[in-house]
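Q: requesting a structural model of the entry that follows:
(2 chains)
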Amino acid sequence: MHEMGIVMQIIKIAVASIPDDLKNAQIKKVNLKVGKLSAVVPESLHFCFQIAAQDTPLSDAELNIEEIPLKVRCKDCNVEWIAYEPVFLCRKCNGKSVEMLTGRELDITSIEVVDKDN
Amino acid sequence: MLEIIYKNQRYYHHKDPQKPHHSHNDGGGSVSGKNTDTSLLGEANAKTKEIKIVRKVLDVNDTIAQQNRELFREKGVFVINVMSSPGSGKTAILVKTLSHITPKIRCAVIVGDVCTSNDADRLAGFGAPVVQVNTDAFGGDCHLAAHVIKTAANNFNLDEIDLLIVENIGNLVCPAEFDMGENLRIVVLSVTEGEDKPLKYPLMFRVCDAALLNKIDLLPHLDYDREAAVQNILKVNPQMPVFEISAKTQEGFDTWIEWLRQKIHG
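A: This is a model prediction of the structure:
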């Protein structure tokens, strides 16, 4: 629901990350990691990105989203598994102390630029 | 808690074996030889560089949330963030909660809505200053973010407040993602909603510290499976306290208020 705000932030971070010596470079790709349990929908991010990137250095950039599975671990018996449902009870010992290892990401990892000057 | 989860999950691109790596070597060598992006073939003197960033998209929010947390700790203000879908009874619960705990616990309220000051009007008159935040002015109309709380908190003399209650925008999705610097997160579910809401909106029920199951006075009139609702909450968050209450009759309030008092007094 707040994907447009998220996309604006992504664009801001990406533009601020262009090194000074590459200010004329074209950004081809923005690499993003989105966890399964984050409150954003990748399709909506793509849609908003198309609109928000217009008239920015990212106007020709592709938003590359890698979805990260929800990986959890039982603190009692140490078993780890990928959860496909939001159930945080240990599948082995029925323990209640299950922690998330991955799945909450909303991270921009890199941008890829085409450097035409060098 | 959330901070710890976030920190543990910081992702570092260099450690990901599944991601093909692009050249980081931008100096010397054959230009065409370095170019691995096939879409660029034919473009003379062009090559792709990957620039590492590794930043949480919401780190601006998280930084302000941390500043808020430090300010509130310094001022001795305990902060709770109350979240739910629209119409589950947040405002009614807060009105009744305030009537139990004020003036002994000195309270202030920040109430968020997309539009209108109706909720602030309902909350006024309980001896607690109320600030209404309407979110349409800053483009994020689905949640309250840390900078909003920072600005809104300027309206209070924090030295004279023990408890700051934030009534978030009615929404079970977005507010779960935004830390505001609060000490406790409370999610409200009402028995007029589906029993499976915790499974449909797991992040919200996962990040909260307690759940209030409201409107239980209506149970005789509904085909609501109360046990199933509680079990669904506990699937997502097995150790979460669940308080079954009615803001209308105040059934269950003694337990909820006692739990809240204990949390505030730490």
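Q: just for chain B, where's the confidence low?
A: Confidence mapping of chain B against pLDDT under 70 gives the ranges B:1-46, B:136-141.
Q: show me where it has its strands.
A: Counting by DSSP state E, the segments of chain B that form strands are B:47-56, B:78-84, B:107-113, B:130-134, B:163-167, B:184-190, B:210-214, B:242-244.
Q: possible to save those as JSON lines with distance to A:H2 and mean neighbour count?
A: Where C-beta positions appear, they are placed from N, C-alpha and C, glycine not excepted. As requested, the strands of chain B are exported to JSON lines (distance: least, CB to CB, whole Å; neighbours: other CB atoms under 10 Å in any protein chain shown):
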{"stretch": "strand B:47-56", "distance to A:H2": "15", "mean neighbour count": "19"}
{"stretch": "strand B:78-84", "distance to A:H2": "14", "mean neighbour count": "24"}
{"stretch": "strand B:107-113", "distance to A:H2": "13", "mean neighbour count": "25"}
{"stretch": "strand B:130-134", "distance to A:H2": "16", "mean neighbour count": "20"}
{"stretch": "strand B:163-167", "distance to A:H2": "17", "mean neighbour count": "26"}
{"stretch": "strand B:184-190", "distance to A:H2": "17", "mean neighbour count": "25"}
{"stretch": "strand B:210-214", "distance to A:H2": "23", "mean neighbour count": "24"}
{"stretch": "strand B:242-244", "distance to A:H2": "28", "mean neighbour count": "19"}
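Q: helices of chain A, start to end?
A: With DSSP state H, the ranges of helices along chain A come out as A:3-16, A:42-52.
Q: with respect to chain B, which of those helices lies nearest?
A: Ranking the helices of chain A by proximity to chain B (CB to the nearest CB) places helix A:3-16 first, at 4.9 Å.
Q: just checking, what packs against the closest one?
A: strand A:26-35, helix A:42-52, strand A:106-115, strand B:47-56 (3 or more CB pairs under 8 Å, 6 or more residues apart in numbering or on different chains; DSSP states H and E).
Q: so which of these comes closest to B:E193?
A: Of all the helices and strands packed on helix A:3-16, helix A:42-52 sits nearest to B:E193, with 23.7 Å by CB to CB.
Q: and that closest one, is it in reach of chain B?
A: No. When contact is scored as CB under 8 Å from any CB of the partner chain, no part of helix A:42-52 falls within range of chain B; the minimum is 9.9 Å.
Q: okay, the angle between that helix and strand A:106-115?
A: Between the axes of helix A:42-52 and strand A:106-115, defined by axes from the mean of the first three to the mean of the last three CA atoms, to 10 degrees, the angle is 40 degrees.
Q: phi, psi for the residue of chain A positioned farthest from its centre please.
A: Distance from the C-alpha centroid of chain A, by CA atoms, centre = their mean, peaks at A:C93 (32.2 Å). With angles defined as degrees, to the nearest 10, A:C93 shows backbone torsions of phi -110, psi 0.
Q: quick one, what contacts the closest residue to it other than its chain neighbours?
A: If the residues on either side of it in the chain are set aside, A:C93 comes closest to A:C77, at 4.4 Å by CB to CB, 6 or more residues apart in numbering or on different chains. If a contact means CB atoms under 8 Å, 6 or more residues apart in numbering or on different chains, then A:C77 has A:C90, A:K92, A:C93, A:G95 as its contacts.
Q: so among those residues, which ones count as buried?
A: Buried members of those, scored by 16 or more other CB atoms under 10 Å in any protein chain shown, are A:C90, A:G95.
Q: and of the contacts of A:C77, the nearest to chain B?
A: Taking the contacts of A:C77 together and measuring to chain B by CB to the nearest CB, the closest member is A:G95, at 8.3 Å.
Q: how about the nearest residue to the closest one, chain neighbours excluded?
A: Spatially, and ignoring its direct neighbours in sequence, A:G95 is nearest to A:D76 (3.7 Å; CB to CB, 6+ apart).
Q: what does B:G266 give?
A: Leaving aside its sequence neighbours, B:G266 sits nearest to B:F78 (CB to CB, 6+ apart; 8.0 Å).
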